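*Asks:* give the three-dimensional model of this entry:
(chains A and B)
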Amino acid sequence: MGSTLGLGIGIAALGCGIGLGLIGNGALQGMSRQPEAIGKLQVAMLIALAFVELVFLLSVFVVPGAVAGK
Amino acid sequence: MGQLLLTSTSMLAEAGAEGSVEHTASYNAIHLFFTLTILLVVMFGLMAWGKTGFSDRVFKKRITSCFEQLYLFIDNMCVGTVGPHGRKYVPMIMTFWMVIFTGNVLALFMPYSPTANLSFNVGMALISIFYVQFEGMRANGVLGHFKHFAGPKLAWPMIPITLMIFVIELISELMKNVSLSLRLYGNIHGGHAAVEAMNKLGSPLYLPLGEFLLPIKVLTCVVQAMIFTLLTCVYLSLVTHHAEEEAAHPTGVAVAH
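*Replies:* As a prediction, the model looks like this:
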């Protein structure tokens, strides 16, 4: 049971890492193409980062509890 | 209030009687109140120190200038996100920013922090969400605010879809609360857990390996405080900008003509 949970969280971290990388990629490309828009891009990037992070946090904090409660 | 006091004291008594108090509610409550007191003392102390630097024309102390910069940062965020009418939300946003940032910095020095406690974060998120609803009702009226939940105006055969949109919007309002609180809790508490795990890794060699996570924790402090306030601003802008926009549009057209 424990190892299965660890594997699942590892997969969740993999997906979260891919998402964060894509956001960083897009934001950096946008910033390099239009340096005057850096402020707005940073704000939008942070919001997107927060949403991706939340999915991972949900999987870390909610799923183990749900599995243990069953 | 009396009931709350009674419950908390009986919980304290039970925890004292049991001996092993780890991971009980009262144990967490003691840490929460202790660290919350430190947080408030530090925060209001800094603010009082900054206030002593006031003068008629110039700011005499460096800390006063720091607070000015902080105010400008929050003001810029509010006005940039919410729009020209965003300046009236600055006090609330500033309060959130200062409480969360001070709590996060406290989490660097202490094993517990108010922001590493889910209950405290849920409380703050509830305040934030109810404030957003209140401001939405004040800007659009109560009916207008709930009409905003129902999405765009559709023809009458589409009433089931409007109802569905209404329900989904209500659920998303509830999830905003969960997302705000869980994000902050997960980041700060997760930072503590990561430092503890790295310390355990280095303990055979007596190396405090968790120390090397300090830079990313400092970054997390600022970013999490910013994200909480920024999301509150975004929710405020979503809720309040419709009436203003509709009111401003005809005049804009007239000016253009």
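
*Asks:* helix, strand or coil for residue B:103?
*Replies:* helix (DSSP: H, G, I helix; E, B strand; the rest coil).

*Asks:* and the gap between the nearest residue to it once chain neighbours are set aside and residue B:38?
*Replies:* Using CB to CB, 6 or more residues apart in numbering or on different chains and skipping residues adjacent in sequence, the residue nearest residue B:103 is residue B:115, 3.7 Å away. Just so you know, the C-beta spots here come from the backbone N, C-alpha and C atoms, and that holds for glycine as well. Taking CB to CB, to the nearest Å as the measure, residue B:115 falls 12 Å from residue B:38.

*Asks:* returning to what we had before: what does the model give the residue nearest to residue B:103 for pLDDT?
*Replies:* For residue B:115, the pLDDT comes out at 89.

*Asks:* for it, grab the count of nearby residues.
*Replies:* 29 (other CB atoms under 10 Å in any protein chain shown).

*Asks:* roughly how far does it sit from chain A?
*Replies:* From residue B:115 across to chain A, the span is 14 Å (CB to the nearest CB, to the nearest Å).

*Asks:* nearest residue to residue B:46 other than its sequence neighbours?
*Replies:* Residue B:46 sits nearest to residue B:63 (CB to CB, 6+ apart), 7.1 Å away.

*Asks:* average pLDDT across the host helix or strand of the one you found?
*Replies:* Assessed by DSSP states H and E, residue B:63 sits inside helix B:62-82. Helix B:62-82 shows a mean pLDDT of 90 in the predicted model.

*Asks:* again, but for stretch B:35-43
*Replies:* Stretch B:35-43 shows a mean pLDDT of 91.

*Asks:* now swap in stretch A:61-69 and tell me
*Replies:* 74.

*Asks:* give me the residues contacting it.
*Replies:* Contacts to stretch A:61-69, defined as CB atoms under 8 Å, 6 or more residues apart in numbering or on different chains, come from residues A:1, A:5, A:8-9, B:182, B:185-186.

*Asks:* residue contacts, residue 52?
*Replies:* Reading this off chain A. Residues near residue A:52 by CB under 8 Å, 6+ apart: A:16, A:19-20, A:23.

*Asks:* that's the wrong chain, I meant chain B
*Replies:* With contact taken as CB under 8 Å, 6+ apart, residue B:52 is in contact with residue B:61.

*Asks:* pull the number of nearby residues for the nearest residue in space to residue B:216 that is not next to it in sequence.
*Replies:* In space, and not counting its chain neighbours, residue B:216 is closest to residue B:191: 8.0 Å by CB to CB, 6+ apart. Close neighbours of residue B:191, defined as other CB under 10 Å, add up to 23.

*Asks:* with residue A:55 instead?
*Replies:* The burial count for residue A:55: 14, using other CB under 10 Å.

*Asks:* pretty sure it contacts residue A:18?
*Replies:* No. Counting by CB atoms under 8 Å, residue A:55 stays clear of residue A:18, with 11.6 Å between them.

*Asks:* shared neighbours of residue B:115 and residue B:38, anything?
*Replies:* residue B:106.

*Asks:* so how far is residue B:49 from whichever residue of the stretch 51-200 of chain B sits closest to chain A?
*Replies:* Using CB to the nearest CB, the single residue of the stretch 51-200 of chain B nearest to chain A is residue B:186, 3.5 Å away. Using CB to CB, residue B:186 is found at 33 Å from residue B:49.

*Asks:* which one's more surrounded, those two?
*Replies:* A direct count of neighbours by other CB under 10 Å for residue B:186 and residue B:49 places residue B:186 higher, at 22 against 13.
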